[in-house]
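A.B. asks: next one to model:
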Amino acid sequence: MRIEVDLDLCQGHGMCEMEAPEVFRAHSDHVEILDKEPDEGLRPEVEAAVMYCPTQALRIVDDNE
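C.D. replies: Modelled structure (predicted):
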C-alpha cells in the first residue's frame, strides 16, 4: 500500500492526522505524509483518513495498480 496526496486539493484540515497520526502530519495549508508506504496493519486507519478527507486529496495505491 502506498499513499498519495494531491497538494492542489489539500487544505490542511487535519482529518487524516486525527485518523492516522503515525502516517500524517497536518500543517496549516497541506499534509505531510510521514510514511508513504505504511505497514498493512495501519490500513484501517489510513482508509479512514482517506474516507474522511474533506477535499478528497488522499488516495491509497495498492501494489497491483
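
A.B. asks: from now on I want contacts and neighbour counts done on CA atoms only, so please keep to that.
C.D. replies: Fine.

A.B. asks: thought Ala26 was touching His13, still the case?
C.D. replies: Yes: between His13 and Ala26 there is a contact at 7.1 Å, judged by CA atoms under 8 Å.

A.B. asks: run a quick neighbour tally on Leu9.
C.D. replies: 13 (other CA atoms under 10 Å).

A.B. asks: measure the residue nearest to it when sequence neighbours are not counted to His27 for me?
C.D. replies: Excluding the flanking residues, the one nearest Leu9 by CA to CA, 6 or more residues apart in numbering is Ala57, at 5.3 Å. With distances taken as CA to CA, to the nearest Å, Ala57 is found 14 Å from His27.

A.B. asks: low-confidence regions, this structure specifically.
C.D. replies: 65 (pLDDT under 70).

A.B. asks: what is the lengthiest helix in it packed up against?
C.D. replies: The single longest helix within the chain, with elements called by DSSP state H, is helix 43-52. Under the contact criterion of 3 or more CA pairs under 8 Å, 6 or more residues apart in numbering; DSSP states H and E, helix 43-52 touches helix 15-19, strand 58-61.
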